[in-house]
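> The following comprises the amino acid sequence and a computationally predicted model.
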Amino acid sequence: MNERIYFDNAATTPLDARVLDAMMPYMIEKFGNPSSIYSYGRETRMAIESARKTVAKILNAHPAEIFFTSGGTESSNTVINAAVRDLGCTHIITSPIEHHATLHTVEDLHRRGEVALSFVKLLPDGHVDLEDLELLLSSSDEKTLVTLMHANNEIGNMLDLDAVGECCKKYGAIFHSDTVQTVGHFPLDLRKTPVHFITGAGHKFHGPKGVGILYINENVKIKPYIHGGGQERNMRAGTENLYGIIGFAKALELATEAFERDSAYINGLKLYLMEQLKQYVPGVSFNGDPLGRGLYTVLNVSFPKTEKSEMLLFNLDINGICASGGSACTSGAEQGSHVIRAINNNPNQVAVRFSFSHQNKKEEIDILVSKIKDIL
């Protein structure tokens, strides 16, 4: 069998060897508990604070605003619960295409009767309708949390953070953005962005799994979600994921250095795949806004539904090609994608997401397209 071809980088990315090299000493020699007072502990405490400074500098935030967590899910859960319990939000505005880490959390709070819940309308191309957002905010007298993702993990559509932030400011709302797909992929300037909370996950940009960040704007005070030994300046208890934190900072540093080059290269791969599919697959279309405001890493493709296209992911997998899917309809246990259902509820189409990294090659796209032609 050929080498595996990996087009599911929005799900997770391979660890960069240079990141592993940075992590290794903290797995083997420098293993001290950062809360211990002897030199072993002080050494690892300093390494964590140095990682925090690196991350803060790249995001143009203050080190005191950066907290290390286990990933995007924990970060979003922390914020959404704190907005209700500590900041007095009794109304949440979100969108139907958020990541489940957000949707399931707000739905849980709503079910418990802790908040009113509103969903902002989407435009036909999957972007958030900013006029509808303003309407929802202006007609609500309650303290409101707006939680909208910066870039959608399935279709790649990107939100105008500044426009949403200004709108939230105007109506005194708290603004949380799930930036898991954009930290490490786009430059963020948190000094200039009107947002209270953002999140990140190391494994989305060639860092380790199980480590993420939560940015909490210095003007916001919340209580911890996880209680215990008071680590992370009393914001997140539990012995720190030392080598994960080192790896997160290193991966973010490498991604930032290579941004100009990698983003142009990856976008080229995406556009090439679009052209090839249009040329060779009759009736193909693309979900979201692939040529407009979107992630350069993600292409969500709709194939006309046939017995063959319904088995596309399975057949690609047999051929050693990894991609991810989700169709608008629900067949058996396969729930399909809530994102595709919300923007393109067409039962005659099968949606497949291809997502790229700088490790992909043009030749891999040629192989992919020829396999798709064979299968269909």
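Received, thanks.

> Packing partners of the helix or strand containing R341?
Following DSSP states H and E, one finds R341 within helix 338-343. Helices and strands touching helix 338-343, as assessed by 3 or more C-beta pairs under 8 Å, 6 or more residues apart in numbering; DSSP states H and E, are absent. C-betas here are computed from N, CA, C, even on glycine.

> same for whatever helix or strand comes next after it, what does it pack against?
Per DSSP H and E, the first helix or strand lying C-terminal to helix 338-343 is strand 349-355. If you count contacts as 3+ C-beta pairs under 8 Å, 6+ apart, strand 349-355 packs onto strand 298-304, helix 312-318, strand 324-325.

> Could you list the residues in contact with strand 349-355?
Applying C-beta atoms under 8 Å, 6 or more residues apart in numbering, the contact partners of strand 349-355 are 7-11, 154-155, 273, 285, 287, 297-305, 309-310, 312-313, 323-328, 337, 340, 344, 368.

> can you give me the helices in this protein?
Taking DSSP state H to define them, one finds helices in the chain at 17-28, 39-59, 72-85, 100-111, 130-138, 161-170, 231-234, 242-257, 259-280, 307-310, 312-318, 338-343, 362-375.

> In CSV: those helices, plus mean pLDDT.
Output for the helices of the chain, formatted as CSV (pLDDT from 0 to 100):
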stretch, mean pLDDT
helix 17-28, 98
helix 39-59, 97
helix 72-85, 98
helix 100-111, 98
helix 130-138, 98
helix 161-170, 98
helix 231-234, 96
helix 242-257, 98
helix 259-280, 98
helix 307-310, 92
helix 312-318, 95
helix 338-343, 93
helix 362-375, 97
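
> For T193, which of these is the nearest?
In terms of C-beta to C-beta, the element of those nearest to T193 is helix 161-170, at 5.5 Å.

> Quick one: residues contacting I48.
Residues in contact with I48 (C-beta under 8 Å, 6+ apart) are P34, F68, E240, L242, I245, I246.

> which of these lies closest to L148?
For the contacts of I48, the closest approach to L148 (C-beta to C-beta) belongs to F68, at 23.7 Å.

> will you turn the contacts of I48 into JSON lines that also has neighbour count and distance to L20?
Output for the contacts of I48, formatted as JSON lines (neighbours: other C-beta atoms under 10 Å; distance: C-beta to C-beta, whole Å):
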{"residue": "P34", "neighbour count": "19", "distance to L20": "21"}
{"residue": "F68", "neighbour count": "26", "distance to L20": "18"}
{"residue": "E240", "neighbour count": "20", "distance to L20": "19"}
{"residue": "L242", "neighbour count": "23", "distance to L20": "14"}
{"residue": "I245", "neighbour count": "28", "distance to L20": "14"}
{"residue": "I246", "neighbour count": "27", "distance to L20": "10"}
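
> Columns distance to F356 on top of the helices of the chain, output as CSV?
Listed next are the helices of the chain as CSV, based on distance: least, C-beta to C-beta, whole Å:
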stretch, distance to F356
helix 17-28, 19
helix 39-59, 22
helix 72-85, 20
helix 100-111, 23
helix 130-138, 29
helix 161-170, 23
helix 231-234, 33
helix 242-257, 14
helix 259-280, 5
helix 307-310, 21
helix 312-318, 15
helix 338-343, 19
helix 362-375, 9
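
> Of those helices, which is nearest I216?
Checking those against I216 by C-beta to C-beta gives helix 72-85 as the closest, at 7.8 Å.

> and the closest one, what does it pack onto?
Packing partners of helix 72-85 (3+ C-beta pairs under 8 Å, 6+ apart): strand 91-94, helix 100-111, strand 144-147, strand 174-177, strand 197-201, strand 212-216.
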